[in-house]
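Peer 1: test case, fold it:
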Amino acid sequence: MDSPYDWQEIIGTIGLFTLLITLVLSLVWRKAFLKRAEMQIRQDDRYKKLAERADEHRAELAQQLAVLNERIARIETTNAAIEETLRVVE
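Peer 2: This next block holds a predicted model:
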């Protein structure tokens, strides 16, 4: 330590490295944050599509259930008519 500025140079070097490390870490953190946000958006889109498909399937099932209920009602009516005919025949 011959120069009176040696300590200032050491402190400046440490400060510069600290600044560079902070800059690199903040860039890495920002990139990770943006990636996480992008993944969340994609996941939300997948959930939205899944919900839309579920609604479509629910509507389809409701329609099929209505058709089946109509068929069952016709079968019950036919069975009642057959039972009445059998009672008359006996």
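Peer 1: what distance separates the helix or strand hosting residue 67 from the centre of its chain?
Peer 2: Counting by DSSP states H and E, the element that carries residue 67 is helix 6-89. The chain centre lies 3 Å from the centre of helix 6-89; the measure is C-alpha atoms, centre = their mean, to the nearest Å.
Peer 1: tell me what it is packed against?
Peer 2: If you count contacts as 3 or more C-beta pairs under 8 Å, 6 or more residues apart in numbering; DSSP states H and E, helix 6-89 packs onto no helix or strand. C-betas here are computed from N, CA, C, even on glycine.
Peer 1: where does residue 74 land on pLDDT?
Peer 2: Residue 74 is assigned 96 on the pLDDT scale.
Peer 1: over to residue 1?
Peer 2: For residue 1, the pLDDT comes out at 55.
Peer 1: likewise the one 10 residues further on?
Peer 2: On pLDDT, residue 11 comes in at 92.
Peer 1: residue ranges with poor pLDDT in this protein?
Peer 2: Within the chain, the segments meeting pLDDT under 70 span 1.
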